[in-house]
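**Q** Provided below for reference: sequence and predicted model.
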Amino acid sequence: MRAPPGEIMFPWLRRSHEMEIKPLDWAEFFGNDNPVELDIGCGRGLYTWKASEANPQINYLGIERDYKTARRAAGKLYKREIPNARIIAGDAREILDKLILNGSVHAAHFYFPDPWWKRKHKSRRLFTDDFADQIADVLQMGGILHSWTDVEDYFEVISALMKHHVQFETLPKPDEKTPEHDFDYQTSFERKKRKEGETIYRGRWKKINERHE
Ligand SMILES: C[S@@+](CC[C@H](N)C(=O)[O-])C[C@H]1O[C@@H](n2cnc3c(N)ncnc32)[C@H](O)[C@@H]1O
């Protein structure tokens, strides 16, 4: 089943600006009470697709700002009628702020965020103190943030920021897996960068405190 051009692909694909501005009720959204994990900046959705097939007892929400890319991610789920994965097209910062209930998320995955290489563009990077606070807000206590990148200086910034964030503790980094086939990578970008011989920096952090104003 291929998504025809113009196909809306509801409920696999939604656009955030067409949704009611209120925190999602996950039980209503996914039709069950299973834990929810976010794939932020999910790109073409390899992680959302593979993880949702491998873990049917977990619900996955991919968030992607670029609508065409979000459609590609949703197409993978639509074609296979995957019940436990959905995509919302829109800006992750707005979606985290307006559509995700605080303390309602089991894990957040943030893989290969746009690096914005040029010095004058670095301020556009998504992973900032404010973003870490947003992640801390939406995670449940004990929830995990996973973030990988091939950009060493960005990973140093992320690691330093998370190390000093009072709501998180740093966990040991996950081991590198040897892929068995072309879809056996965490994400499309991991596949691309590993094939180019790049080093991948992998981090995991656990929420250990609630926010105290
Ligand atoms: C380098 S790609 C990585 C995609 C995927 N995570 C992977 O590893 O293959 C970064 C993705 O983040 C998306 N993105 C950038 N800023 C975003 C934002 N504010 N909200 C949601 N998605 C965003 C981009 O459109 C792009 O698809």
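**A** Arrived safely. Numbers count the residues shown, from 1 in each chain.
**Q** the residue nearest the centre of the chain sits in which helix or strand?
**A** With distances taken as C-alpha atoms, centre = their mean, Asp39 lies nearest the centre of the chain, 1.9 Å away. With elements taken from DSSP states H and E, the one containing Asp39 is strand 36-40.
**Q** please identify the buried residues of the helix or strand following that strand?
**A** Proceeding C-terminally, strand 36-40 gives way to helix 46-54 as the next helix or strand, assigned by DSSP H and E. Applying a neighbour-count criterion of 16 or more other C-beta atoms under 10 Å, one finds 46-52 buried in helix 46-54. (Each C-beta comes from the backbone N, C-alpha and C, glycine too.)
**Q** helices and strands around helix 46-54, which ones?
**A** For helix 46-54, the contact count by 3 or more C-beta pairs under 8 Å, 6 or more residues apart in numbering; DSSP states H and E identifies strand 36-40, strand 59-64, helix 67-80, strand 85-89, strand 105-111 as packing neighbours.
**Q** Thr187: which of these is closest?
**A** strand 105-111 (4.6 Å; C-beta to C-beta).
**Q** give me the contact list for that closest one.
**A** By C-beta atoms under 8 Å, 6 or more residues apart in numbering, the residues outside strand 105-111 that reach it are 35-41, 47, 51, 58, 126-127, 135, 138-140, 143-149, 186-187, 189-190.
**Q** from the residues you listed, which are also near the ligand?
**A** Near the ligand, judged by C-beta under 6 Å from any ligand atom, the entries from those are 41, 126, 187, 189.
**Q** okay, those residues in JSON lines with secondary structure next?
**A** Supplementary listing: those in JSON lines, determined by DSSP: H, G, I helix; E, B strand; the rest coil:
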{"residue": "Gly41", "secondary structure": "coil"}
{"residue": "Leu126", "secondary structure": "coil"}
{"residue": "Thr187", "secondary structure": "coil"}
{"residue": "Phe189", "secondary structure": "helix"}
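**Q** and the gap between Pro56 and the ligand?
**A** Using C-beta to the nearest ligand atom, to the nearest Å, one obtains 22 Å as the distance from Pro56 to the ligand.
**Q** isn't that residue right up against Asn84?
**A** Yes. With contact defined as C-beta atoms under 8 Å, Pro56 counts as touching Asn84 (5.8 Å).
**Q** list the contacts of the nearest residue to Pro23 once chain neighbours are set aside.
**A** Ranked by C-beta to C-beta, 6 or more residues apart in numbering and with sequence neighbours excluded, the top spatial neighbour of Pro23 is Leu101, at 3.8 Å. With contacts defined as C-beta under 8 Å, 6+ apart, Leu101 is in contact with 23-26, 138.
**Q** if anything else comes up later, I'll come back, but that's it for now.
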